[in-house]
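Colleague: give me the fold of what follows.
(one chain, ligands or ions: 2)
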Amino acid sequence: MRDTKNTMPEALRETVLPLPLTARGKVRDIYTLPDGNLLFIATDRISAFDHVLATGIPDKGRILTQLSLFWFDHLRDTIPNHLISADVADLPKELAPHKAELNGRMMIVKRAQMFPIECVARAYVSGSGWKDYQRTGAVCGVPLPSGLRESDKLSEPIFTPAAKNNVGHDENITFDQAAKTIGVEAATKLRDLTLTIFARASAHAASKGILLADTKFEFGLIDGRIALCDEVLTPDSSRYWPAATYKPGGPQPSFDKQFVRDYLESIHWNKQAPAPALPADVAAKTGEKYLEAYRLLTGKARL
Ligand SMILES: Nc1ncnc2c1ncn2[C@@H]1O[C@H](COP(=O)(O)OP(=O)(O)O)[C@@H](O)[C@H]1O
Ligand SMILES: [Mg+2]
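Modeller: Ligands and ions are numbered 1, 2, ... in the order given. Predicted structure coming up:
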């Protein structure tokens, strides 16, 4: 349903479809299609500090899906991916009444056997990497030179895997721990792929005036071959910084939840459920930021 008083679309926070619900993540609703493939829907939910907020960001899910599609295409010569179709015409007949709400935010994907590892690459020291570095001088067991400042650029991008936790924070692990979980051969392949894809994506972002500080990929096996799955290189899974304002020595403004985090800090939310709602201006400014990232990275003016 659309708000008639306002040109802003309403946020879609949850889908209810006549299909078996396979998972409801923080952002995605995932259903199983009659043929066994998955229907992957990016909703407009937004999470901060590991909680889904009471307010959605209108069209955020569309921006995430369109950016993932852009990157799948950009990277298709480097790595196969799980995408089958993003066209509502390919949905089964029983979803006809839902086409409008799903348009632009859905992907039909091949079900993969997911590696239980988040494949993170970092070119700058920030976020959990900065925290680990301050404590130990290393990130995920990769030693770094002393004297780095927050947001400093590393001499080369590093692979810093994380274990997928079902609840709460994902946990940074060393390469050896990753190798124990998935085998040294798979861990080596995923590390090499992660760094290769990261280099390609960074080069594209840089050509658009954006620094890719870090990102998280998820890989799975499809018919025995490694494929890039999940969302890719969205502002939710990546730290993108405007190159023009880059200034190491502190946190950088980014193309995602900065307004949200600032607001939540300003009201001193204790970061326990239930998560608060967002004022309209914070939600609107956040939506603008996601759209700006989409426009800059894809070169397209609108969704
Ligand atoms: N092709 C795929 N087959 C099976 N599972 C997938 C595939 N691609 C991504 N996934 C999983 O789907 C979930 C995506 O939903 P999301 O809302 O991002 O959840 P989360 O809150 O765990 O990040 C993740 O758990 C991811 O590992
Ligand atoms: Mg996710």
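Colleague: which outside residues touch stretch 287-299?
Modeller: With Cβ atoms under 8 Å, 6 or more residues apart in numbering as the test, stretch 287-299 has contacts from 57-60, 63-64, 66-67, 70, 204-205, 208-210, 235, 240, 255-256, 258-259, 300-301, 303. Where you see a C-beta, it was placed from the backbone N, CA and C, and this is true even at glycine.
Colleague: just give the nearest non-adjacent residue to residue 51, would you?
Modeller: Leaving out its chain neighbours, the residue that sits closest to residue 51 by Cβ to Cβ, 6 or more residues apart in numbering is residue 275, at 4.0 Å.
Colleague: what number of residues are in the vicinity of that neighbour?
Modeller: For residue 275, the neighbour count with other Cβ atoms under 10 Å is 19.
Colleague: that one and residue 259, how far apart?
Modeller: Distance of residue 275 to residue 259, given as Cβ to Cβ, to the nearest Å: 15 Å.
Colleague: low-confidence ranges in the stretch 151-300 of the chain?
Modeller: 167-168 (pLDDT under 70).
Colleague: quick check: residue 206 touching residue 243?
Modeller: Yes. Assessed by Cβ atoms under 8 Å, residue 206 is found in contact with residue 243 at 7.1 Å.
Colleague: for residue 239, list each beta-bridge partner.
Modeller: Partner residues in beta bridges with residue 239, using DSSP bridges, are residue 214.
Colleague: ok, it - how many residues close by?
Modeller: Using other Cβ under 10 Å, residue 239 has 22 other residues around it.
Colleague: burial count for the residue nearest to residue 59 when sequence neighbours are not counted?
Modeller: Computed as Cβ to Cβ, 6+ apart, the closest residue to residue 59 that is not its neighbour in sequence is residue 9, at 5.8 Å. Other residues near residue 9 number 14, with proximity taken as other Cβ under 10 Å.
Colleague: show me where the stretch 51-200 of the chain has strands.
Modeller: 51-52, 83-85, 106-109, 113-114, 117-124, 138-139, 142-143, 153-159, 162-163, 171-172 (DSSP state E, counting those that start in this stretch).
Colleague: mind giving me the packing neighbours of the third one?
Modeller: Counting contacts by 3 or more Cβ pairs under 8 Å, 6 or more residues apart in numbering; DSSP states H and E, strand 106-109 is packed against strand 38-42, helix 60-74, strand 83-85.
Colleague: which one of those lies nearest to ligand 1?
Modeller: strand 38-42 (5.6 Å; Cβ to the nearest ligand atom).
Colleague: report the angle between the closest one and helix 60-74.
Modeller: 120 degrees (axes from the mean of the first three to the mean of the last three Cα atoms, to 10 degrees).
Colleague: what lies in contact with the helix or strand following strand 38-42?
Modeller: Sequence order places strand 47-48 as the next helix or strand after strand 38-42, per DSSP states H and E. Strand 47-48 is touched from outside by 26-27, 53, 257, 260-261, 264, 275, with contacts defined as Cβ under 8 Å, 6+ apart.
Colleague: avg pLDDT for stretch 72-83?
Modeller: Here stretch 72-83 scores 98 as its mean pLDDT.
Colleague: tell me which residues of it are tucked away?
Modeller: Buried residues in stretch 72-83, counting neighbours by 16 or more other Cβ atoms under 10 Å, are found at 72, 74-75, 79-83.
Colleague: likewise stretch 144-163?
Modeller: 144, 148, 150-152, 154, 157-162.
Colleague: for those residues, which one is nearest ligand 1?
Modeller: Using Cβ to the nearest ligand atom, residue 162 comes nearest to ligand 1 of the buried residues of stretch 144-163, at 11.5 Å.
Colleague: most widely separated two among the buried residues of stretch 72-83?
Modeller: 74 and 82 (15.6 Å; Cβ to Cβ).
Colleague: stretch 198-218 spans what distance, first to last residue?
Modeller: By Cα to Cα, to the nearest Å, the extent of stretch 198-218 from end to end equals 13 Å.
Colleague: list the residues that contact the residue nearest to residue 51.
Modeller: Contact analysis of residue 275 by Cβ under 8 Å, 6+ apart lists 48, 51-54, 269.
Colleague: again with residue 191
Modeller: 119, 159, 161, 175.
Colleague: could you list which of the contacts of stretch 287-299 also contact ligand 1?
Modeller: Of the residues in the contacts of stretch 287-299, proximity to ligand 1 by Cβ under 6 Å from any ligand atom holds for none.
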